[in-house]
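This is a predicted model, with the sequence first.
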Amino acid sequence: QVQLVESGGGLVQAGGSLRLSCEASTSTFTMTTMGWFRQAPGKEREFVAAIRWNQENIATDYSDAVKGRFTVSGDSAKNTVSLQMVSLSPEDTAVYYCAADRGFLPYMRPARLYDHWGQGTQVTVSS
């Protein structure tokens, strides 16, 4: 059974930065695609960013809402993914979820494609 453990959430003022980290607890499987989603109160879960490894090629994808402010990175050998967030605004307040899949996901945005999910970490941005 694969478990994803997130860390790094918290409270920050608008304009500040936070870094989220996630590790998949498995020594048997390699996660090929890992990503971040978020869910604000009263809203549906939405895609934030993802990274996909394919031999020597690395692909990333970002939602329009975070492009240019968030950076996703990771280590496929360690099954880890991080999300560096800068220039945070109150609109970024949400529970952030780490997601992972062993497969090569051509489209990284649909949440339904990911098999493994973390419990979520709260990010609160005050104005």
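Right, received. Where do you want to start? This structure is a prediction, so every number in the text was calculated from the model and none was measured.

Tell me how far stretch 103-119 lies from the chain's centre.
11 Å (Cα atoms, centre = their mean, to the nearest Å).

residues in contact with Q39?
45-46, 94-95, 97, 120 (Cβ atoms under 8 Å, 6 or more residues apart in numbering). In this view, the C-beta of every residue, glycine as well, is placed from N, C-alpha and C.

Look up the residues forming beta bridges with the most centrally placed residue in the chain.
Geometric centre of the chain, nearest residue: W36, 2.0 Å, by Cα atoms, centre = their mean. Under DSSP bridges, the beta-bridge partners of W36 are A49, C98.

What are the neighbouring residues in contact with it?
Applying Cβ under 8 Å, 6+ apart, we find W36 in contact with 20, 22, 48-50, 72, 81, 83, 96-99.

Out of those residues, flag the one nearest to P106.
Closest to P106 out of these is A50 (11.6 Å), distances taken as Cβ to Cβ.

Could you pull up the residues touching the closest one?
Counted by Cβ under 8 Å, 6+ apart, A50 has contacts 33-36, 60-61, 72, 99, 105, 108-109.

Looking at the contacts of Q39, point me to the pair that's furthest apart.
E46 and G120 (13.3 Å).

If you count surrounding residues, which of those two has more?
Counted by other Cβ atoms under 10 Å, E46 and G120 do not tie: G120 has more neighbours, with 18 against 15.

Go ahead and confirm that one touches A99.
No - G120 lies out of contact with A99 (Cβ atoms under 8 Å); the separation is 10.6 Å.

could you dump the contacts of W36 to JSON lines with pLDDT?
Shown next, in JSON lines, are those (pLDDT from 0 to 100):
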{"residue": "L20", "pLDDT": "98"}
{"residue": "C22", "pLDDT": "98"}
{"residue": "V48", "pLDDT": "98"}
{"residue": "A49", "pLDDT": "98"}
{"residue": "A50", "pLDDT": "98"}
{"residue": "V72", "pLDDT": "98"}
{"residue": "V81", "pLDDT": "98"}
{"residue": "L83", "pLDDT": "98"}
{"residue": "Y96", "pLDDT": "98"}
{"residue": "Y97", "pLDDT": "98"}
{"residue": "C98", "pLDDT": "98"}
{"residue": "A99", "pLDDT": "98"}
